[in-house]
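> my questions are about this predicted structure, shown below with the sequence.
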Amino acid sequence: MKFVSTRNHNNPVSFTEAMFRGLAPDGGLYRPDSTPDLSGFFASLADDVPFNELAADLTSALLGPEISREIIENIIRDAFDFSPELREVSKGMYVLELFHGPSCAFKDFGASFLASSMNHLLSESSVKNSGSGKNGRAIIVTATSGDTGSAVARAFHGRNRIDVIILYPSGRVSPLQEKQLTTLGGNVTALEVDGSFDDCQRMAKAAFTDPALSNLPLSSANSINPGRLIPQSFYYVWAWTRMRSMAADGNFAFIVPSGNFGNITAGLYAKSWGLPVNHYIAATNANDVVPEYLKTGLYTPRPSQATCSNAMDVGDPSNFERLDDLYENSVDIFRNHIEAFTVDDKTTLNTIARVEKEHAYLCCPHTAVGWRGAELYREKNPEIPAVILSTAHPGKFVEIVEEATGRPPELPFALKELAGREKKAYPVGNRDTDLREWLLKRFS
């Protein structure tokens with residue numbers, strides 16, 4: 001499989017080059033240059049296939065022979081010592097728990113695969129001598145609205161070939177999220193930006209195409225990077241192997257809490273490769289530019305609004321460009337593949353409380369947005385089971401969960417151990433030049 005820019009389909013590059021570049025030179029996002037038919041592969045999977053085995057086989061199907069089977073198995077073994085879990089919480093309502101990794105969020109799947117892939121491939125001479133991964137090194141520049149930064153920090157920490165720079169909006173991530181991305185040190189540096197996530201994302205994107213930074217081996221660990229996006233397709237396929245006996249002919253719906261729209265994009269790529277699941281539902285908070293696009297046919301980015309589901313506070317989702325390209329810049333085709341619902345903060349808090357009371361199941365605010373989206377979808381489609389992607393452990397959002405339920409959630413060990421750690425972050429402005437100057441000072 002080769003990759004091309006969403007803005008120019010004429011210059012295909014390898015997965016390795018696309019991964020180390022992060023963003024195409026023309027500012028577009030890399031996407032597969034072809035649509036492989038993997039329907040036979042999906043049909044051959046056992047109902048109880050282990051996640052790591054599925055991940056290795058699917059990676060080989062997509063990226064072989066560019067990357068040898070031996071290297072792929074090493075990458076997967078290094079990346080995943082955790083797996084998704086599927087729970088039936090109530091009749092027709094399933095939760096796909098994606099928070100059992102090191103940072104307690106779904107982004108561990110993409111970040112761990114990306115970190116492992118870069119680490120293994122940087123030792124290859126072909127990468128050392130390419131335009132990216134210069135001298136066997138890379139510099140990751142990543143924007144976060146919360147969960148991406150903590151997942152990337154944990155996945156890349158201690159990998160001595162790679163430096164990681166994380167931009168996050170001051171005052172707009174949860175206290176635990178901030179601890180996760182500002183306390184590791186070593187090769188991980190946090191920049192506290194005086195602005196919004198959209199500012200952070202714009203600054204990071206600008207760095208990749210800035211001529212003044214062209215000598216630095218920059219890449220991204222955001223979902224603009226295909227090395228983050230590809231592994232997120234793995235758990236859609238894994239969930240389907242568990243659901244197919246309960247929902248004939250793929251007649252169930254994936255409900256995806258959506259902010260930057262990378263998560264649902266990965267699922268829709270799997271669908272394009274032949275995964276027989278028919279329904280993909282995006283559930284957003286007040287940052288609803290994609291639901292509005294589906295209603296009106298007009299895509300109108302706007303400044304992000306702060307909500308209690310902060311990891312989805314995105315006013316101009318990067319992956320809209322991939323979806324628009326996948327669906328031929330046609331809102332009518334887009335509507336054939338995606339539905340969307342919007343959930344406000346009051347409803348989110350009420351949903352957290354109600355689901356715990358009625359089903360003894362505690363949701364993070366993002367999962368609660370997904371749960372309510374599933375309810376709205378099933379009001380019109382009661383016969384279709386819903387698989388809600390649970391994107392983070394509720395313990396990452398102590399204050400919000402306590403506000404909703406009256407008591408704080410139990411913390412997993414990965415979050416408890418943060419208590420005594422000291423924050424270390426560098427304050428920066430919100431101009432593109434602020435990041436340029438910081439990078440040149442640090443790495444020149």
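Ah, there it is. No experiment lies behind these values; they were computed from the predicted model shown. Numbering: from 1, shown residues only.
> find the nearest non-adjacent residue to residue 422, please.
Using Cβ to Cβ, 6 or more residues apart in numbering and skipping residues adjacent in sequence, the residue nearest residue 422 is residue 183, 6.5 Å away. Where C-beta positions appear, they are placed from N, C-alpha and C, glycine not excepted.
> can you report phi and psi for the one you found?
phi -120, psi 0 (degrees, to the nearest 10).
> ok, it to residue 172 distance?
Distance, residue 183 to residue 172, using Cβ to Cβ, to the nearest Å: 18 Å.
> residue 338 too?
Applying Cβ to Cβ to residue 338 and residue 172 gives a distance of 27 Å.
> looking at these two, which is more packed in?
residue 338 (24 against 20; other Cβ atoms under 10 Å).
> list the contacts for the more buried one?
264, 268, 280-282, 294, 323 (Cβ atoms under 8 Å, 6 or more residues apart in numbering).
> tell me where the stretch 301-444 of the chain has helices.
Applying DSSP state H, counting those that start in this stretch to the stretch 301-444 of the chain gives helices spanning 320-326, 331-337, 345-359, 365-380, 398-405, 413-416, 432-443.
> what helices and strands are in contact with the fifth one?
Packed against helix 398-405, as judged by 3 or more Cβ pairs under 8 Å, 6 or more residues apart in numbering; DSSP states H and E, are the following elements: helix 175-182, helix 345-359.
> what distance separates that helix from the centre of its chain?
24 Å (Cα atoms, centre = their mean, to the nearest Å).
> now do the buried residues in that helix.
The neighbour-count check on helix 398-405 (16 or more other Cβ atoms under 10 Å) flags 398, 400-401, 404-405 as buried.
> do the longest one as well
By neighbour count, with 16+ other Cβ under 10 Å as the criterion, the buried positions of helix 365-380 are 365-378.
> how about those residues in TSV, adding pLDDT?
Listed next are the buried residues of helix 365-380 as TSV, based on pLDDT from 0 to 100:
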residue	pLDDT
365	98
366	98
367	99
368	99
369	99
370	99
371	99
372	99
373	99
374	99
375	99
376	98
377	98
378	98
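> in JSON lines: those residues, plus distance to residue 253.
Rendered in JSON lines, the data for the buried residues of helix 365-380 read as follows (distance: Cβ to Cβ, whole Å):
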{"residue": "365", "distance to residue 253": "21"}
{"residue": "366", "distance to residue 253": "17"}
{"residue": "367", "distance to residue 253": "15"}
{"residue": "368", "distance to residue 253": "17"}
{"residue": "369", "distance to residue 253": "15"}
{"residue": "370", "distance to residue 253": "11"}
{"residue": "371", "distance to residue 253": "13"}
{"residue": "372", "distance to residue 253": "14"}
{"residue": "373", "distance to residue 253": "10"}
{"residue": "374", "distance to residue 253": "7"}
{"residue": "375", "distance to residue 253": "12"}
{"residue": "376", "distance to residue 253": "11"}
{"residue": "377", "distance to residue 253": "6"}
{"residue": "378", "distance to residue 253": "8"}
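> which of those residues sits closest to residue 25?
For those, the residue nearest residue 25 by Cβ to Cβ is residue 366; the value is 33.4 Å.
> who's in contact with the closest one?
257, 309, 311-312, 391-392.
> buried subset of these, written for ChimeraX?
In ChimeraX, a selection of the buried entries from the contacts of residue 366 looks like this (16+ other Cβ under 10 Å):
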select :257,309,311,312,391,392
